[in-house]
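Asker: after the sequence you'll find the predicted model.
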Amino acid sequence: LCLSTEQIQAIKNQTSFAREELRDVWKRVANFKKNENPGDEASMYSDLGSVYKCFSDLHKAKECYDLALAIRLEKLGAEHVDVATTYNKLGNVLLHLGDFQQAKEYFHCALAIGLKKLGAEHGDLVTPYNNLGDVHTELGELEQAKGYYDQALAIALKERAEHGNVAVTYNNLGNLYSDLGELEKAKEHLDRALAIRLKMQGPEDIDVAGSYSCLGNVHLRLGDLRQAKAYQDRALAIRLKKQGPDHLDVAMTLNNLGNVYENAGGQEQAREYFNRALVILLKRLGPEHLHVAATYNNLANAHMNLGDLEQAKKYYDLALAIRLKKFGPEHINVANTYNNLGTIHRAMGNLKQVKEYSNLALAIRLKKQGPEHVDVASSYNNLGNLHKDLGDPEQAKECYDLALAIRLKKLGPEHRDVATTYNNLGNVLLHLGQLQQAKDHYNRALAISLKELGPEHLEIAVMNSNLGVVHTDLGDLDQAKECYDNALAILLKKLG
C-alpha cells in the first residue's frame, strides 16, 4: 500500500494538500511502524485512503478504507463513531466509483450510528445526510435527495450560518434544484455557497472551484454562455494548479467547458475538450463508469453537430449500454440518452426509431420529473419535430405549444430553448398557411438568438432564411431578399 516516490513528490507539490496534513500522515506511518498500535494502524489506513482519494486513485482509496473499517469494527465495535466516519468515507468513494447501492448502505450505517451515539441534531450528522442526498440524486430519486439535504441544512445552520457544512449543503441543494429545473433557485443556493467559501477558504481553494463549476452549469442552462464559460475557466485554472492535469475534477471541468463550446457553436473545440476528459476518465475509472457514459454522450452531441452521424450514434449507443447496466431502464439519464438517440435517428431519417426513443424518454421524464420540467419540454419539442416530419402539422403544433409553455415558465422569455421553440412553431405555422403568426414567431426567435449568439452564428443564418421564405409568401420581396442576403453572408463566412 505504499505510495510511489513519484506520487509522494507529486502530492508534496500540491499546494491544496496542506503540508501539515501530509506531514501528519507520514508521522502516523512512522509511529505505527515503531509502536504497532492497532488504533494507529486504522488511522494510518484511513489517512492513506484520503491521500489516494485526493490523488484520484479511487480503487487504492477504497482498499485503504476497507482495511481501516475492518480494524475498527474488530477493535471498537459496530457502533463506534470512528466506524461511522469510515462508513462515510467508504461510501463516498463507492459513490464516485458508481456503486450507488453499496454507497447508500454505508451512508445509512453511518447515519444510524450518529443518531444513536450523538443525537439527532449533532453537527457530524450533516455529512451522512448530505451523502445520502448525493446518492439519491445519482439514483434519480430527487425528492428523497431534497429531504436529506434539507435535514443537513437545518442542522448545519444551527451550528453557524457561514460554516463549511452550510456551504456544502447549499451547493448540493443548488445542484439538485438545477436537476429539478428550478434554475433561479439553483443559482441562489450556489451563490450562497460560493460567498461562504470565498470568505472562509479564499479564491483559489478547490471547493471554490467546485462552486464555480456548478454555477457555470446553471448559467449554461439559463442560456448565459459568456458567464458559463467564465465560471468554468476559473474552475479549470484552480483545479489544474491545485490538482494537476489528470485529476477527475479536471476531467469534469473539461466536460463542462465542452458543453459551453457546443452550445456556442464551437463544435471542434467542444470535441477537443470532451476527448481530453475521456482520456482522464478512462484512465482513472475504466470503460464502464457513468462519467465515461456522460462523456460518450457529450462526444456524440459534438459529432452530430459536426454532421458525423454514424460516429454520434456509436457514442450514444455506448452511453446507453453503460447507463442501462448501472441505472436500469427508468433513470433520468437513460431518458436523456433515449432523447438523444431519437434526435440522431431523426437526422438519419429513421422515423420509426425516433418515435420509439422519444416516447420512451417522455414516459420516464413524466414519471420521474413531473409534467413541467424543462426536460419534458425537450421531449415535447422532439415529438413535435417527429410529427412535422410525418406530415402532421397540427399534432406538431400541439407538442411545440406544450414545450413553449414549459420553457417560458421555467426558463424565461429570452432563453435559447425558447427561441428554438418559436422557430419550430414558425415552421409549422408556415406550413399551415398562418403567415403572420409564422413571421411573428420567427422574429421572436431571431431577436433572442441574436442577443445570445451574436450576428454570425449559423443558427442566425437558418432563422434569416426562414424569414426570407415567409416574406416571399407574403409578397414582401425586398424584405425577403434582405433576409436571404443576411443568411448567405453568414454561410459564406462560416462554411466557405
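Answerer: Received it, and whenever you're ready, just let me know what you need. Numbering: from 1, shown residues only.

Asker: now the helices: where do they sit in the stretch 301-450 of the chain?
Answerer: 309-327, 332-348, 351-369, 374-389, 393-411, 416-431, 435-453 (DSSP state H, counting those that start in this stretch).

Asker: find the centremost residue of this structure, please.
Answerer: Central residue of the chain (Cα atoms, centre = their mean): N217, 6.9 Å from the mean position.

Asker: surely it meets Q227?
Answerer: No: look at N217 against Q227 with Cβ atoms under 8 Å: they stay out of range, at 11.2 Å. C-beta: built from backbone N, CA, C; applies to glycine.

Asker: what pLDDT does H59 get?
Answerer: Listed pLDDT for H59 reads 86.

Asker: not counting its neighbours along the chain, what's nearest it?
Answerer: L97 (7.7 Å; Cβ to Cβ, 6 or more residues apart in numbering).

Asker: tally of neighbours for the one you found?
Answerer: 18 (other Cβ atoms under 10 Å).

Asker: any idea how far it is from D57?
Answerer: Taking Cβ to Cβ, to the nearest Å as the measure, L97 falls 11 Å from D57.

Asker: okay, now the closest residue to S358 other than its chain neighbours: neighbour count?
Answerer: With sequence-adjacent residues excluded and distances taken as Cβ to Cβ, 6+ apart, S358 is closest to G342, at 4.1 Å. Neighbourhood size, G342 [other Cβ under 10 Å]: 27.

Asker: wait, what's in contact with G342?
Answerer: Taking Cβ atoms under 8 Å, 6 or more residues apart in numbering, we find G342 in contact with Q353, V354, K355, E356, Y357, S358, A361, N382, L386.

Asker: contacting residues for T295?
Answerer: A251, N255, F274, A277, L278, L281.

Asker: and if we set it to 6 Å?
Answerer: By Cβ atoms under 6 Å, 6 or more residues apart in numbering, the residues touching T295 are N255, F274, A277, L278, L281.

Asker: quick check: the residue nearest to the centre of the chain vs K283, distance?
Answerer: In terms of Cβ to Cβ, N217 sits 24 Å off from K283.

Asker: ok, now L411?
Answerer: 37 Å.

Asker: do D473 as well
Answerer: In this view, D473 and K283 are 56 Å apart by Cβ to Cβ.

Asker: before we move on, what about L194?
Answerer: From L194 over to K283 (counting by Cβ to Cβ), the distance is 30 Å.

Asker: which one's more surrounded, the two?
Answerer: Legend: neighbour count by other Cβ under 10 Å for L194 and K283, higher for L194 (22 against 12).

Asker: quick one: what helix or strand has the residue nearest to the more buried one when sequence neighbours are not counted in it?
Answerer: Spatial nearest neighbour of L194, chain neighbours left out: S211 (4.0 Å); criterion: Cβ to Cβ, 6+ apart. Secondary structure assigned from DSSP states H and E places S211 in helix 206-221.

Asker: whichever helix or strand comes after that helix: which residues count as buried?
Answerer: Remark: after helix 206-221, the chain's next helix or strand is helix 225-243, criterion DSSP H and E. Neighbour-count burial for helix 225-243 flags 225, 227-232, 234-236, 238-240, 242-243 (criterion: 16 or more other Cβ atoms under 10 Å).
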